[in-house]
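Enquirer: Provided below are the primary sequence and the corresponding predicted coordinates.
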Amino acid sequence: MNIILILAPISVLIGLSGLAAFWWTLRNGQYEDPAGDAARILIEDSDDLII
């Protein structure tokens with residue numbers, strides 16, 4: 001029973017830190033251009049080619 005008293009607050013802290021990280025990515029514009037990011041990986045740059 002004592003393990004619940006230890007694991008419950010730890011799981012709440014992990015959940016809150018995940019939520020804080022999600023809000024941080026929203027505020028910093030990580031999700032503003034998903035269509036552009038998807039198209040950008042299809043463009044071949046000559047700088048990226050290894051000969």
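Expert: Structure received. Numbering: from 1, shown residues only.

Enquirer: pLDDT weak spots in the protein?
Expert: 45-51 (pLDDT under 70).

Enquirer: What is the burial count for Gly15?
Expert: 10 (other C-beta atoms under 10 Å). Every C-beta, even on glycine, is put in place using the N, C-alpha and C of the backbone.

Enquirer: mind checking the SS state of Glu44?
Expert: Classification of Glu44 using DSSP: H, G, I helix; E, B strand; the rest coil returns coil.

Enquirer: Roughly how far does it sit from Gly36?
Expert: Between Glu44 and Gly36 the distance is 16 Å, computed by C-beta to C-beta, to the nearest Å.

Enquirer: Phe22 now?
Expert: 21 Å.

Enquirer: which of the two has more neighbours?
Expert: Neighbour comparison, Phe22 and Gly36: the larger count goes to Phe22, with 11 against 8 (by other C-beta under 10 Å).

Enquirer: The more buried one is in what secondary structure piece?
Expert: helix 2-27 (DSSP states H and E).

Enquirer: quick one: that helix to chain centroid distance?
Expert: Put simply, helix 2-27 sits 15 Å off its chain's centre (C-alpha atoms, centre = their mean, to the nearest Å).

Enquirer: so how far is the helix or strand that that helix is followed by off the chain centroid?
Expert: The first helix or strand that comes after helix 2-27 along the chain, using DSSP H and E, is helix 34-40. With C-alpha atoms, centre = their mean as the basis, helix 34-40 stands 17 Å off its chain's centre.

Enquirer: Dump helix 34-40 to CSV, keeping only the CA atoms.
Expert: Output in CSV follows, covering the C-alpha atoms of helix 34-40 (Å, rounded to 0.1, in the frame of the first residue of the first chain):
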residue,chain,number,x,y,z
PRO,A,34,2.9,20.8,-41.0
ALA,A,35,2.2,20.9,-44.8
GLY,A,36,5.4,22.7,-45.5
ASP,A,37,7.4,20.3,-43.4
ALA,A,38,5.9,17.3,-45.2
ALA,A,39,6.7,18.8,-48.6
ARG,A,40,10.2,19.8,-47.5
